[in-house]
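Asks: below are the sequence and a predicted model for it; my questions follow.
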Amino acid sequence: MKGRQESLFDTESSLGFDVTLDVFSGPFDVLLSLIAKRQLDVTDIALAEVTDEFLAHARARAEMDLSQASEFLVIASTLLALKAARLLPSTEDDEEDLELLEARDLLFAKLLQYKAYKDLATLIARTLAENSLSFARDVPLEQEFANLMPEVQLTVSPEGLAELARQVLERDTAEPTIGLSHLHDPLVSVESQIDVLAVKLAGGRSVSFRELCADAPTAATVVARFLAVLDLLRNGRIAISQEQALSELEVAWTA
């Protein structure tokens with residue numbers, strides 16, 4: 001907890017005004033550091049006098065700095081809440097009871113959060129200021145590298161470019177639809193394809209298997225038709241011939 005409190009004021013504050021109190025006289029940042037390190041009791045601090053000192057400091061400036069004002073409000077409200085917590089009666093004899101420690105940690109956590117945002121804003125502002133002094137390198141390409149660049153060849157006429165632009169601007173923006181018919185292919189029975197083969201092979205002529213499947217609407221139909229050929233061959237109703245390996249299968253009706 002002590003480490004967390006001390007880290008609260010590791011970075012320099014932008015308030016930069018002095019306070020003169022009965023128990024302390026000096027920069028406001030030092031006062032906060034003493035409170036955070038528990039070297040000065042917040043109950044001994046007259047927060048009204050601290051507020052008066054800040055208002056006098058603000059009036060002395062030519063223009064009100066809203067960031068300083070908001071920072072002081074956050075710190076002053078936290079100190080006020082901390083002082084109120086310290087002054088509340090406690091049922092414990094121990095001055096540093098658990099509830100008081102939790103309240104103090106919560107209040108300093110709020111200050112830590114505020115300081116984190118403030119420091120980040122300062123870092124961003126400093127980075128932007130540093131980058132504003134940088135300029136991009138604007139020089140022509142060296143001739144040895146320029147010679148390596150291929151010449152640009154435009155194969156599209158101005159009218160063609162205009163047509164491409166028209167197609168892009170007038171393209172269909174409707175939601176695309178995805179067909180689901182392929183997910184529900186009907187089952188093809190082997191028996192139905194036996195009947196089809198009987199018609200195609202009527203007359204006893206020899207027909208290639210490729211020709212038998214020429215009108216098959218789906219891959220499932222081709223598979224069922226091939227199984228039908230095997231079934232007919234097993235039953236001796238057709239004959240199959242093939243001149244050489246991987247050549248066309250010739251099917252002839254023999255029943």
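Replies: Ah, there it is. Since this is a predicted model, take the numbers as computed values, not measurements.
Asks: going forward, measure contacts between C-alpha atoms and count neighbours the same way
Replies: OK.
Asks: kindly state the pLDDT recorded for Leu128?
Replies: Note on Leu128: pLDDT of 90.
Asks: just the element for it, please.
Replies: Element membership for Leu128, per DSSP states H and E: helix 98-131.
Asks: and after that helix, which helix or strand comes next?
Replies: Criterion used, DSSP H and E; the element after helix 98-131 is helix 143-146.
Asks: mind exporting the C-alpha coordinates of that following helix to CSV?
Replies: Output in CSV follows, covering the C-alpha atoms of helix 143-146 (Å, rounded to 0.1, in the frame of the first residue of the first chain):
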residue,chain,number,x,y,z
GLN,A,143,18.2,7.2,-61.8
GLU,A,144,19.7,3.7,-61.3
PHE,A,145,16.5,2.6,-59.6
ALA,A,146,14.2,4.5,-61.9
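Asks: just checking, next helix/strand downstream of it?
Replies: helix 158-169.
Asks: how near is Asp206 to Ala85?
Replies: I think there's a mix-up here, since residue 206 is Ser and not Asp. With distances taken as C-alpha to C-alpha, to the nearest Å, Ser206 is found 104 Å from Ala85.
Asks: pairing partners for Ala252 in the sheet, please.
Replies: Ser206, Ala239 (DSSP bridges).
Asks: so Val19: helix, strand or coil?
Replies: strand (DSSP: H, G, I helix; E, B strand; the rest coil).
Asks: you'd agree it is up against Gly26?
Replies: Yes. The criterion here is C-alpha atoms under 8 Å, and Val19 meets it with Gly26 at 5.6 Å.
Asks: more neighbours, these two?
Replies: Val19 (20 against 12; other C-alpha atoms under 10 Å).
Asks: quick one: contacts for that one?
Replies: With C-alpha atoms under 8 Å, 6 or more residues apart in numbering as the criterion, the residues that contact Val19 are 25-28, 50, 53.
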